[in-house]
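>>> attaching a predicted model along with its sequence, questions to come.
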Amino acid sequence: MTKSKLLPRYEFEGLYQYAKLWNMPRWYVALENLFVFSGLFILICMLIGVFLAVLLDQKIRAEGPLRTIYLYPMALSFVVTGTAWKWILNPGLGIEKVIRDLGFQSFEFNWLVDPDMAIYAIVIAGVWQSSGFVMAMFLAGLRSIDQEIIKAAYMDGVSLPRIYWGIIIPSMRPVFFSTFVVLGHLAIKSFDLIIVLTRGGPGYATDMPATFMYAMAFQRGRIGLSAASATIMLMTVMAVIVPYLYSELRTKDDG
């Protein structure tokens, strides 16, 4: 709440920085990217994670190796993930070059350098990183369900898809909520992946609040504006985390 720029100033100026922040087109681009990335990241991670969990819950023979393969990306940092996908999505090194070397010269996959598609390239890398975590959460939830209920449904002639849709998935609402909160938190504070993959570019096409804050503080020398954006991020994270904590604490108190 000051007019601090490169050096801090301690005169109170009220909401000056917030008014300046909400008048910047770049901030609106960052917010739009956050909503696009968060929505796709959470939705796709959920779908893939649930599918993989249901697949592994069938007691298949190769469950151990497959579970390790699916969980492996989660052991990597976002920096490593970003670096790997930067090579894979690079038009001169990765998928596009491989396909063209096979003879398909008209093939294009240049999302990483396309301002309109670069945010979706980040979604691909983020989903690859986190869908294994979602799988682990749902697999643990599936294994904790009372098997007697499922056996009773089998005896009544209920098909497997209806058992999952009518019994298992509704009983896993707490897992859905917990996973949503964790993925939402990861999306809001995403920084490493974007910095490594695109550095917020091309231009500032893939800027998000975390990279916006970094750029204002360390590249533009606008400390007050950066602090205002960081406060908005904190409030957003609290809006996600506080209801979750309230729900968890209320459940424990009721128990």
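In hand now; what should we look at?
>>> give me the low-pLDDT residue ranges for the protein?
The model of the chain has pLDDT under 70 over residues 251-255.
>>> run through the residues that contact the spatially most central residue of it.
Centroid-nearest residue in the chain: A187, 4.0 Å away (criterion: CA atoms, centre = their mean). Residues in contact with A187 (CB atoms under 8 Å, 6 or more residues apart in numbering) are L34, F37, S38, F41, I42, G126. Placement of C-beta: from N, CA and C, glycine included.
>>> what strand or helix carries it?
helix 173-188 (DSSP states H and E).
>>> returning to that earlier point: got TSV for the contacts of A187, with distance to I167 too?
As requested, the contacts of A187 are exported to TSV (distance: CB to CB, whole Å):
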residue	distance to I167
L34	36
F37	33
S38	30
F41	29
I42	24
G126	31
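>>> any of these buried? List them.
Neighbour-count burial (16 or more other CB atoms under 10 Å) applied to those gives L34, F37, S38, F41, I42, G126.
>>> wait, which of these is closest to T68?
T68 has its nearest neighbour among the buried ones among the contacts of A187 in G126, at 20.8 Å by CB to CB.
>>> ok, the closest one - contacts?
G126 neighbours (CB under 8 Å, 6+ apart): F37, F41, C45, L186, A187, S190, L193.
>>> likewise for H185?
Contacts of H185 (CB under 8 Å, 6+ apart): V237, V240, I241.
>>> do L56 as well
E63, L66, R67, M135, L139.
>>> same thing but 10 Å
A62, E63, G64, L66, R67, Y70, M135, A136, F138, L139, L142, R143 (CB atoms under 10 Å, 6 or more residues apart in numbering).
>>> quick one, phi/psi of N90?
In terms of degrees, to the nearest 10, the main-chain angles of N90 are phi -70, psi 120.
>>> not counting sequence-adjacent ones, nearest residue to it?
L112 (6.3 Å; CB to CB, 6 or more residues apart in numbering).
>>> wait, the one you found touches G94, no?
Yes - counting by CB atoms under 10 Å, G94 is a contact partner of L112 at 8.5 Å.
>>> ok, the two, which is more surrounded?
Between L112 and G94, L112 has the larger neighbour count (other CB atoms under 10 Å), namely 25 against 17.
>>> residues in contact with that one?
Applying CB under 10 Å, 6+ apart, the residues near L112 are 85-86, 88-91, 94, 96, 118, 120-122, 124-125, 197-198, 201-202, 206.
>>> quick check: the gap between it and V54.
Distance, L112 to V54, by CB to CB, to the nearest Å: 32 Å.
>>> now L102
Going from L102 to V54 by CB to CB gives 34 Å.
>>> who's more crowded, those two?
V54 (18 against 9).
>>> what strand or helix carries that one?
V54 is part of helix 25-56, with elements assigned from DSSP H and E.
>>> any buried residues in that helix, and which?
For helix 25-56, by 16+ other CB under 10 Å, it's 27, 29-31, 33-34, 36-38, 40-42, 44-46, 48-50, 52-54, 56.
>>> rewinding a little: which single one of the buried ones among the contacts of A187 is nearest to F176?
Among the buried ones among the contacts of A187, and counting by CB to CB, the member closest to F176 is I42, at 10.7 Å.
>>> that older thread, mind listing the shared neighbours of L112 and G94?
Taking CB under 10 Å, 6+ apart as the contact rule, the neighbours common to L112 and G94 are W85, K86, I88.
>>> and for the first one, the neighbour number?
If I follow you right, that is W85. Residue neighbour count, defined by other CB under 10 Å, stands at 22 for W85.
>>> cool, and V182?
Counted with other CB under 10 Å, the neighbours of V182 add up to 19.
>>> is it true that R143 touches R67?
No - in this structure, R143 is not within contact of R67 by CB under 10 Å, at 11.8 Å.
>>> now list whatever residues contact both of those two.
Common contacts of R143 and R67 (CB under 10 Å, 6+ apart): A53, L56.
>>> neighbour-wise, which of those two wins?
Comparing R143 with R67 by other CB under 10 Å, the one with more neighbours is R67, at 17 against 11.
>>> all set now, cheers.
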